[in-house]
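A.B. asks: quick one: sequence and predicted model below, then my questions.
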Amino acid sequence: LDADNYETDPCLKEIRRAENYSWMDIVTIRKDKLPNYEEKIKTFYEEHLHLDDEIRYILEGSGYFDVRDKDDKWIRISMEKGDMITLPAGIYHRFTLDENNYVKAMRLFVGEPVWTAYNRPADDFPARKQYMKFLAEEAH
């Protein structure tokens, strides 16, 4: 995606329309821009899940999303300017900055944003059970 022109990018507009991403904001994760920076960085790196999809679009900077595979092993996904990721509801994950210690990202939601993170273990949530069912079906 064209992160330099995200406000007018027709591809982003089409993704938002097709996926019904009606709500959006922009967050800057940098020591001088994010209140309670140290605490937030630690929170982002705690393994957790959400009950809704997590959609992030990197506008500047870079970082990593770590997700668990079907065997519960970590997979590191490098994210940089122009990258978009959708983490499905119920997937265990975490986020960390790289050595640049800076990322500016768009956060997208279907409907009103829900920020609640549930640290592992959180296996009893319907979203987690649905995600595990999806993994099992994909394996066949």
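C.D. replies: Thanks, I have it.
A.B. asks: could you list the buried residues of the helix or strand of the chain with the lowest mean pLDDT?
C.D. replies: Sorting the helices and strands of the chain by mean pLDDT, DSSP states H and E puts helix 126-139 at the bottom, at a mean of 94. Of all the residues in helix 126-139, those buried under the rule 16 or more other Cβ atoms under 10 Å are 127-128, 131. Where C-beta positions appear, they are placed from N, C-alpha and C, glycine not excepted.
A.B. asks: contact partners for the residue positioned nearest the centre of the chain?
C.D. replies: Nearest to the geometric centre of the chain sits Glu54, at 4.3 Å (Cα atoms, centre = their mean). By Cβ atoms under 8 Å, 6 or more residues apart in numbering, the contact list for Glu54 reads 85-87, 93.
A.B. asks: who wins for most neighbours among those residues?
C.D. replies: His93 (22 neighbours; other Cβ atoms under 10 Å).
A.B. asks: name the SS class of Met24, please.
C.D. replies: strand (DSSP: H, G, I helix; E, B strand; the rest coil).
A.B. asks: excluding its backbone neighbours, what's nearest it?
C.D. replies: Distance criterion Cβ to Cβ, 6 or more residues apart in numbering; nearest residue to Met24, sequence neighbours excluded, is Leu108 at 5.2 Å.
A.B. asks: just to be sure, the one you found is in a strand?
C.D. replies: Yes - assigned with three-state DSSP, Leu108 falls within a strand.
A.B. asks: ok so, going back, and the contacts of Glu54, which two are furthest apart?
C.D. replies: Thr86 and His93 (11.4 Å; Cβ to Cβ).
A.B. asks: mind listing the helices in the chain by residue range?
C.D. replies: Taking DSSP state H as the test, the helices found in the chain are 10-19, 37-45, 126-139.
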